[in-house]
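sequence? don't have it. structure:
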C-alpha cells in the first residue's frame, strides 16, 4: 500500500519550557541528596538517544534512609485533620495544572510518548487524580470502610515507565489522602517527572518526609518492597515482578496492591458501527505505542465482518504518523527503551515464525532512537505466543469468532484479566458480555477511558486491588482495627 | 493628609441575579446597622418581582450547570474558595460588624467558610458514589441508581450566621447541579451581597446562585408558592413563617428542609446535599 499520509509541516512543541538539570539526587526528607555510594545512571530520550540527565542510583542504605524519613513524617501527617491534608493535595493539583505544559514536554522527552497524549491525556488525568483524592481526605468516614478508617503507615510504591507521572499520581494521591506517607521509586528509564514532582511538593509546602522519591533500578525497588519499615506495597509493572513481590511479602503484615500485565480482548460484533470500532481498535492498541497494560492487544472480530474491519483498519493504520514525540501531529512516538524494542521485535518475529501473517504500513522511521511500526498480525491462533504473551508494544493480534459464547471463551482464555472491549449496538449483549468477561474493566463502544472517579485493576494474574475511585481508598486504609484497639 | 484622614469610599450593595448586579426593581433599600445600631450601609429591599426574576435566572442556568461534569463543578467550587481566601479581610470586617463578633471570632467564621467551599468541592464527584448504587435485582437486568439534582432551590439563609451559615446552605445545593435563589440574613445581608462579587469572579455561570436581600417573609412567600421552584430550604424562617411556607410549598410538592438548630462550625455531613437530589434508577435487560 502506498504511503497515504498527508504531508504536514513539522509542528514541534518547544522544549524551552522545561529546564532539565544535568544531574538529580534522591529526594529524601524534603532535600535532594546524592546516593550514599555516589552511584548514578543516565536517563536518555528514547526518540533521540540523547542523554537528558544523570540521576542517583539509590542504595539499600538510601532506601532505609527514605523509609525512616517517611516514618518520622507519618505521625504528624496522619494526625493532621483530613481537611488540612485535603488542602495540601488541592494545592498539588493546582500546581500540576499550572505547570502541565512543562511536565507534558518533560514526559514526552523522557518517555517518548507523543506530546498530544502527554498534553491531552496524561497531565489532565494527573491533576484530576490529585483533585479527586484531595476531596476524600476529609471524607474518609463516608467512604464505606467503617466509621474510623485509619492510614496504614508508610507506603513503598514502585511504578512503571509507560505513564510515569500518571502512575505516580495513582499511587501518591490516595496514599496521602488517607494519611499515609510514601517512598516512591519511578522506573529506571523515566525518573525525571517524579523528580519534578518533588519540586511541586516543595512549592505546595508539603511537610518534609511525607513524599520521598528514590531513583534506581530493579534492585532499588526490591530493597524498598522488602524493607521491614513499610506497611504497604503498591506496585505497577510486569506480572513476573508482581509475583516476586507477592512472594517477598508472604508472612509479613504488609498490605499489597498489584497492577500487572494484560492481554485484553477487543471484541467486535457484526452489528457494530465499523468506523467507530476501527477508531477504538486503533486507540486500543496504538495509544502510547501500545505500552499500556490494558491495551486491546487481541482483536476478536466476528467472522462475517472480519474482512471489512481489517481492510478499514489497515487503511486507518496507513494514516498514523510515527515520529518525533514533540511534534503535535505525531500519533505514535518512540518505544521507551532499546530493551523494550528488542522484546517487541522478538515477539513479532515469533509471530511470523509461528505462522501468523504480519502487516505494517510503510512509514518512514527516524534514524536515531527506538521505533517500531504499528503492526497487525492476522491468522493468529490461540496457541501463538503473540496471542498469549503481553507484547507491550504497537502489535495487534487478530482472531475471529462466530458466536458470542465463542467470543467469551476466547477472550477469557488468558491468565490475565485486566480489561476488555465490546463493540455492538445491542445493549443487552453488552451487559451479557460484561457479565461473562473475567476482566476488571470492560469498555463498551469505547476503549482506554480513564477517570479518577473510576476504579481500575485486574482479575487473575493482572494483579489485585483497585486504584481510582472510592475503591482505591481501600488499598491505603486499615480495614480492621489493630489488635491492641479491639 | 495622612491615610487616616482620608474619606473612605462607600460601596453600593446590590443584588446578584443572573450573574449581574442589579438594584431592586422596586427602587427600595433598607438600613443595615451593626450590632450597636450604627449605620453600615443601605441594602436592596427586594420585591416579589425581584424574587420571580431570580427564579427565571436560576431556571435558565439549570440546564448548563446540571449538565456540567462533576469534576468541572468541583473545580469551580474550589475556585470560589481560592477567590474568597484572597478577600478574607473584607468578609472578616463585614461579619464582625454585622454579627457583633470580635475580629478573632469573625476570622474563625470566615476561615471555616473558605474551608466549607473546599469540603463541598470535594463532594462533587463523590456524592454519587455514596448515594448511588448498583442494585442486585432478582432477574437478568442491569439496575443502577444514580442521584440527579432536583432543580431550582430556594434557600432562606440562616438569620444569625450571616456568612458561614450562608455558605453552608448554598454550597451543598449547588455542588450537585442545582441552582439557587438565596434570601440573605435580613439583619446582616452584607456578607451575602459581597459573596456575589466572589461568585462572579470564580467561573461560576451566571444564575447558578442568585442573592436577594430584604424582608425574609416578604420575599419567601412568592418563592414558596412559585410553581417553577423545586425545593425550599427554610433554615432562615421562624417557626410560624416556616409552617406557612411549607404549606404553600405543598402546592407543587417542593422538597422542604425544615429549620433546625445547627452548629455551623461542625462537620456538615451529607444531609443537605441529599435533600436536593432525586434518585434515578435505570433498568436494562442482560442477554445475547
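Thanks, I have the structure now. Note that the coordinates shown come from a computational prediction; the quantities given were computed from them, not determined experimentally. Residues are numbered from 1 along each chain as shown, chains lettered A, B, ... in the order given.

what's the pLDDT at the closest residue to residue A:344 other than its chain neighbours?
Sequence neighbours aside, residue A:393 is the residue nearest to residue A:344 in space, at 3.5 Å (criterion: C-beta to C-beta, 6 or more residues apart in numbering or on different chains). Using the backbone N, CA and C atoms, a C-beta is placed for each residue, glycine as well. pLDDT recorded at residue A:393 is 98.

what sits against residue A:393?
A:289-291, A:335, A:340-341, A:343-344, A:347-348, A:372 (C-beta atoms under 8 Å, 6 or more residues apart in numbering or on different chains).

kindly report the same for residue A:350.
Here residue A:350 is in contact with A:384-386 (criterion: C-beta under 8 Å, 6+ apart).

mind doing that once more with 6 Å?
Neighbouring residues of residue A:350 by C-beta atoms under 6 Å, 6 or more residues apart in numbering or on different chains: residue A:385.

over to residue A:299?
A:266, A:281, A:396, A:398 are the contacts of residue A:299 under C-beta under 6 Å, 6+ apart.

as TSV, those residues with pLDDT, distance to chain B and neighbour count would be great.
Compiled in TSV, the contacts of residue A:299 are given as follows (pLDDT from 0 to 100; distance: C-beta to the nearest C-beta, whole Å; neighbours: other C-beta atoms under 10 Å in any protein chain shown):
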residue	pLDDT	distance to chain B	neighbour count
A:266	98	18	27
A:281	98	22	27
A:396	98	26	27
A:398	98	23	24
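
relative to residue B:163, which of the residues you listed is nearest.
residue A:266 (54.0 Å; C-beta to C-beta).

please, which helix or strand holds the closest residue to the closest one other than its chain neighbours?
Of all residues not flanking residue A:266 in the chain, residue A:296 sits nearest, at 3.3 Å (C-beta to C-beta, 6+ apart). For residue A:296, there is no host helix or strand (DSSP states H and E).

list, one by one, the residues from chain B near chain A.
Residues of chain B lying close to chain A by C-beta under 6 Å from any C-beta of the partner chain are B:115, B:122, B:125, B:129-130, B:142, B:284-288.

filter those residues down to the ones in strands?
Residues of the residues of chain B next to chain A located in strands (DSSP state E): B:142, B:284-285.

chain B: helices as residue ranges?
In chain B, the helices defined using DSSP state H lie at B:48-67, B:70-85, B:88-99, B:103-123, B:127-131, B:164-174, B:190-199, B:216-225, B:239-249, B:271-275.

pipe these into a markdown table and attach mean pLDDT per row.
Shown next, in a markdown table, are these (pLDDT from 0 to 100):
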| stretch | mean pLDDT |
| --- | --- |
| helix B:48-67 | 98 |
| helix B:70-85 | 98 |
| helix B:88-99 | 97 |
| helix B:103-123 | 98 |
| helix B:127-131 | 98 |
| helix B:164-174 | 98 |
| helix B:190-199 | 98 |
| helix B:216-225 | 98 |
| helix B:239-249 | 98 |
| helix B:271-275 | 98 |
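
most packed of those?
A comparison of these by mean neighbour count, using mean count of other C-beta atoms under 10 Å in any protein chain shown, puts helix B:164-174 on top with a mean of 26.

what sits up against that one?
For helix B:164-174, using C-beta under 6 Å, 6+ apart, the contacting residues are B:109, B:112-113, B:116-117, B:120, B:153, B:155, B:157-158, B:180, B:182, B:192, B:208-209, B:233, B:235, B:264, B:268, B:272-273, B:276.

quick one: contacts for the closest residue in space to residue B:207 that isn't next to it in sequence?
Take residue B:207 and drop its neighbours on the chain: the residue closest to it by C-beta to C-beta, 6+ apart is residue B:61, 3.1 Å away. Residues near residue B:61 by C-beta under 6 Å, 6+ apart: B:179, B:205, B:207-208.

roughly how far does residue B:61 sit from chain A?
23 Å (C-beta to the nearest C-beta, to the nearest Å).

and if you look at residue B:209?
Taking C-beta to the nearest C-beta, one finds residue B:209 at 21 Å from chain A.

my understanding was that that residue contacts residue B:198; is that so?
No: here residue B:209 lies out of contact with residue B:198, judged by C-beta atoms under 6 Å, at a distance of 10.1 Å.

look at the closest residue to chain B within chain A and report its pLDDT.
Proximity of chain A to chain B (C-beta to the nearest C-beta) peaks at residue A:135, 2.2 Å away. With respect to pLDDT, residue A:135 has a value of 98.

nearest residue to it in space, please, no chain neighbours.
Residue A:135 sits nearest to residue B:122 (C-beta to C-beta, 6+ apart), 2.2 Å away.

OK, contacts around the residue nearest to residue A:266?
Neighbour list for residue A:296: A:264, A:266, A:284-285, A:421, A:447 [criterion: C-beta under 6 Å, 6+ apart].

likewise residue A:200?
Counted by C-beta under 6 Å, 6+ apart, residue A:200 has contacts A:92, A:95.

which pLDDT value goes with it?
98.

and the stretch 301-450 of chain A, which of its residues are near chain B?
So the stretch 301-450 of chain A meets chain B at A:404, A:427-429, A:431-432 (C-beta under 6 Å from any C-beta).

list only those of those residues flagged as buried.
Buried subset of these (neighbour count, 16 or more other C-beta atoms under 10 Å in any protein chain shown): A:404, A:428-429, A:431-432.

ok, the residue nearest to residue B:137 when sequence neighbours are not counted - contacts?
Excluding the flanking residues, the one nearest residue B:137 by C-beta to C-beta, 6+ apart is residue B:143, at 4.7 Å. The neighbours of residue B:143, taking C-beta under 6 Å, 6+ apart as the test, are B:135, B:137, B:283.

follow-up on the earlier one: in strands only, show me the contacts of residue A:296.
A:266, A:421.

from the contacts of residue A:296, which two are the most distant?
A:285 and A:421 (10.2 Å).

any quick PyMOL command for the buried ones out of the contacts of residue A:393?
Selection command for PyMOL covering only the buried members of the contacts of residue A:393, criterion 16+ other C-beta under 10 Å:
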select buried, chain A and resi 289+290+291+335+340+341+343+344+347+348+372
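
export the contacts of residue A:393 to JSON lines and tack on secondary structure and pLDDT?
Shown next, in JSON lines, are the contacts of residue A:393 (DSSP: H, G, I helix; E, B strand; the rest coil; pLDDT from 0 to 100):
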{"residue": "A:289", "secondary structure": "helix", "pLDDT": "98"}
{"residue": "A:290", "secondary structure": "helix", "pLDDT": "97"}
{"residue": "A:291", "secondary structure": "coil", "pLDDT": "98"}
{"residue": "A:335", "secondary structure": "coil", "pLDDT": "98"}
{"residue": "A:340", "secondary structure": "helix", "pLDDT": "98"}
{"residue": "A:341", "secondary structure": "helix", "pLDDT": "98"}
{"residue": "A:343", "secondary structure": "helix", "pLDDT": "98"}
{"residue": "A:344", "secondary structure": "helix", "pLDDT": "98"}
{"residue": "A:347", "secondary structure": "helix", "pLDDT": "98"}
{"residue": "A:348", "secondary structure": "helix", "pLDDT": "98"}
{"residue": "A:372", "secondary structure": "coil", "pLDDT": "98"}
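
quick check: the residue of chain B nearest chain A.
residue B:122 (2.2 Å).

how about the helices in the stretch 201-350 of chain A?
All helices of the stretch 201-350 of chain A, identified by DSSP state H, counting those that start in this stretch, fall at A:218-226, A:239-248, A:274-286, A:303-317, A:338-353.

wait, I meant the stretch 1-150 of chain A
Going by DSSP H, counting those that start in this stretch, the stretch 1-150 of chain A shows helices at A:60-79, A:82-98, A:100-111, A:115-117, A:123-136.

what about the residue nearest to the spatial centre of chain A, distance to residue A:218?
Centroid-nearest residue in chain A: residue A:163, 4.5 Å away (criterion: C-alpha atoms, centre = their mean). In this view, residue A:163 and residue A:218 are 19 Å apart by C-beta to C-beta, to the nearest Å.
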